[in-house]
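Q: what follows is a predicted protein model with its sequence.
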Amino acid sequence: MLSPTFGPADPRRASGPRTAPQQLTTLKIVIAGGFGVGKTTAVGAVSEITPLRTEEYLTESSVPVDSLDGVEAKITTTVAFDFGRLTLPDAPVPLELYLFGAPGQDRFLGLWHDLARGAIGALVLVDARRLETSFTAVSFFEDNGVPFVVANNVFDGAPRFRAEQIRAALDLDAHVPVLTCDARDPDHVAAALITLVQHALHTAPDHTGLRRNTFQDAR
């Protein structure tokens, strides 16, 4: 599997400038999904830099609009976006991925349009216990013609579902990849992002100018 580059000062991330000698192709990716499905966790797990986060504490005034059913322990929410960066220097075409984690609530739909502008595609995280929280994200990318893959974030104690079950529950087209992913695991998140890039290049190859077979042998 392709490996991300991490900085020398910390085995996971570094905030300083990169010294990569090769030319990198930069791609923008949105990480989306419902409230509390693990978007901030995914960006933080895989980012080689300290991620930018715009989280605020949940308050009593948000109770009517931010349901905590199934995520009762959650005390913060993203109010703008998360931002991280992942470099894949050993890809057939070396890549630099800019990751934008979108807020999960439907009331931020207007912001999703801004975040999706110029993105090669989206990684839509879902919680199989609360699939309905990600319906809006799936519909948004379908309606706007943005390639996306769906990743079932496996929470501790959550029931396990096959990809076909997730696909049927979300009424996904047959060509949309459905994965299983632990948003806490950098390798899982990196693999999901690579699958997204592969899917996006085959869905809309002219969007980036990269060859359709860029990742043909990258698995």
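A: Thanks, I have the structure now.

Q: and stretch 155-167, what's buried?
A: Neighbour counts over stretch 155-167 (16 or more other CB atoms under 10 Å) mark Phe155, Phe161, Ile166, Arg167 as buried. Bear in mind the C-beta positions are built from the backbone N, C-alpha and C, glycine included.

Q: same question for stretch 84-103.
A: Buried-residue list, stretch 84-103, by 16+ other CB under 10 Å: 84-89, 91, 93-103.

Q: now swap in stretch 197-206 and tell me
A: Using 16+ other CB under 10 Å as the test for burial, stretch 197-206 gives Val197, Gln198, His199, Ala200, Leu201, Thr203.

Q: could you pull out the strands for the chain?
A: Applying DSSP state E to the chain gives strands spanning 25-33, 55-57, 76-78, 82-88, 95-101, 121-126, 148-153, 178-181.

Q: rank the ones you listed by pLDDT, which is bottom?
A: Lowest mean pLDDT of those: strand 55-57, a mean of 48.

Q: would you confirm that Leu97 contacts Leu193?
A: Yes - the pair Leu97 and Leu193 qualifies as a contact (CB atoms under 8 Å) at a distance of 6.1 Å.

Q: shared neighbours, those two?
A: The contact sets of Leu97 and Leu193 overlap at Ile29, Leu86 (CB atoms under 8 Å, 6 or more residues apart in numbering).

Q: where does this protein have low pLDDT?
A: 1-22, 53-80, 104-108, 204-219 (pLDDT under 70).

Q: grab the longest helix from it for me.
A: Looking across the chain with DSSP state H, the single longest helix is helix 186-203.

Q: so what does that one touch, helix or strand wise?
A: Counting by 3 or more CB pairs under 8 Å, 6 or more residues apart in numbering; DSSP states H and E, the packing neighbours recorded for helix 186-203 are strand 25-33, helix 39-46, strand 82-88, strand 95-101, strand 121-126, strand 148-153, strand 178-181.

Q: so which of the strands of the chain is nearest Ala45?
A: With respect to Ala45, and counting by CB to CB, the nearest of the strands of the chain is strand 82-88 at 9.0 Å.

Q: how about the CA coordinates for that closest one, as PDB?
A: Extracted in PDB, the C-alpha atoms of strand 82-88 (Å, rounded to 0.1, in the frame of the first residue of the first chain):
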ATOM      1  CA  ASP A  82     -11.200  20.800   9.400                       C
ATOM      2  CA  PHE A  83      -8.000  21.000   7.200                       C
ATOM      3  CA  GLY A  84      -5.200  18.500   6.900                       C
ATOM      4  CA  ARG A  85      -2.600  17.500   4.300                       C
ATOM      5  CA  LEU A  86      -1.300  14.100   3.200                       C
ATOM      6  CA  THR A  87       1.600  13.500   0.900                       C
ATOM      7  CA  LEU A  88       1.900  10.300  -1.100                       C
END
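
Q: about what we covered before: just send the strands of the chain back as JSON lines, with distance to His113 too.
A: Shown next, in JSON lines, are the strands of the chain (distance: least, CB to CB, whole Å):
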{"stretch": "strand 25-33", "distance to His113": "11"}
{"stretch": "strand 55-57", "distance to His113": "21"}
{"stretch": "strand 76-78", "distance to His113": "16"}
{"stretch": "strand 82-88", "distance to His113": "17"}
{"stretch": "strand 95-101", "distance to His113": "12"}
{"stretch": "strand 121-126", "distance to His113": "12"}
{"stretch": "strand 148-153", "distance to His113": "15"}
{"stretch": "strand 178-181", "distance to His113": "25"}
